[in-house]
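Participant: Here is my input, please return the structure:
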Amino acid sequence: MKKLSTKLAFKLAIVLLVIIGVGSYYLIATESQRLKQQLLERGRLASIVGAKTVGKILDEAIDNGVLTLNDIFDTDYQKIGDFNPPKYHTKYDFYTDKAILEIEDSFLTDENVVFAVAVDINGYLPTHNTKYQKALTGSAEDLEGNRTKRIFDDKVGLLAAQNKNYGFLQTYYRDTGEVMWDISSPIYVKGKHWGGFRIGFSLEKTNMQIKNLKYTIFGIFLLIVLVSISFVYVVVNSSLKPLSILTKQANDFADGKVDNKMIYFDRNDEIGEISKAFERLRTRLFRTNKNQ
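Facilitator: Model (predicted):
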């Protein structure tokens, strides 16, 4: 009987494993996709807000006479020193250093955002985030630590700078080795396309969040499975216990022990029906023995 209960509990446990496994896989897949969609939407909105804000600041600079339209669209890049990669001044970068740096940095309060910058239509980045304006050391560290006033005219950089769609998404390997999402929206100054506002999302951090989500769901799944299997084993053994007792009584009949009445014969289920049948047999055997 124990073997039967173990087999039944094992089969039920397998069914539970399959059902919970499929459910967990679906949950992980949908939650991972939902997380990516949330990040993408956050990036899309951030790039739109950044583009609109920078465009408005540059519009006001012209309205206030600080800069001219020609100044802001200046592409006569003046090389600064002898840096590698090279850096450049324009007629307006002194102004963006003061006017948009704080705005760009405000987007970095989101831990998934690696950078948030305005670039002109050629990929020129006049003012990078504060964290990328560290003092130059002349070493390889400058590639990561000081990225301001460079021209990012690689394929991704130019597409982001010249894109006219809001929330334009690109996935690429940054020159620092990171896999990134680049989400950009166009910047317009006095109605003319000036460049784009780029939001860089770290896929490494995003994937880490998804990985943590998987571990959490897997942990919950494992706990549910263990509790379910224990519960199934207890329930199956409890349910089959009457059969074990009936079997013992049937063996007693076979040995000629028919004095004790069957138990469970008052139940209204299959156990009760079996018990009633055995009780009729016991009564018959008892009378036969008595008449002999």
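
Participant: in a strand, that's where residue 169 is, yeah?
Facilitator: Yes: looking at residue 169 with DSSP: H, G, I helix; E, B strand; the rest coil, it is inside a strand.

Participant: Report the contact partners of it.
Facilitator: Residues in contact with residue 169 (CB atoms under 8 Å, 6 or more residues apart in numbering) are 40, 43, 44, 181, 182, 183. Using the backbone N, CA and C atoms, a C-beta is placed for each residue, glycine as well.

Participant: would you turn these into TSV with distance to residue 69, secondary structure and neighbour count?
Facilitator: Converted to TSV, the contacts of residue 169 look like this (distance: CB to CB, whole Å; DSSP: H, G, I helix; E, B strand; the rest coil; neighbours: other CB atoms under 10 Å):
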residue	distance to residue 69	secondary structure	neighbour count
40	34	helix	16
43	30	helix	26
44	29	helix	18
181	33	strand	21
182	28	strand	24
183	28	strand	29
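
Participant: Export these to CSV and append columns for pLDDT and distance to residue 255.
Facilitator: Shown next, in CSV, are those (pLDDT from 0 to 100; distance: CB to CB, whole Å):
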residue, pLDDT, distance to residue 255
40, 88, 76
43, 92, 80
44, 94, 82
181, 90, 79
182, 95, 84
183, 96, 83
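
Participant: which one of the residues you listed sits closest to residue 166?
Facilitator: Among the contacts of residue 169, residue 44 lies closest to residue 166 (CB to CB), at 7.0 Å.

Participant: Tell me how many other residues surround the spatially closest residue to the closest one that is not a sequence neighbour.
Facilitator: Closest residue to residue 44 apart from its sequence neighbours, by CB to CB, 6 or more residues apart in numbering: residue 167 at 3.2 Å. Residue 167 has 17 neighbours, counted by other CB atoms under 10 Å.

Participant: coming back round to it: kindly indicate which of the contacts of residue 169 lies nearest residue 22.
Facilitator: residue 40 (27.1 Å).

Participant: what stretches of the stretch 51-200 of the chain score poorly on pLDDT?
Facilitator: 138-141 (pLDDT under 70).

Participant: now do 90
Facilitator: Applying pLDDT under 90 to the stretch 51-200 of the chain picks out residues 81-85, 110-112, 133-146, 172-180.

Participant: what ranges do the strands span in it?
Facilitator: Secondary structure of the stretch 51-200 of the chain by DSSP state E, counting those that start in this stretch: the strands cover 78-80, 87-89, 113-120, 168-173, 179-189, 192-202.

Participant: Many thanks, have a good one.
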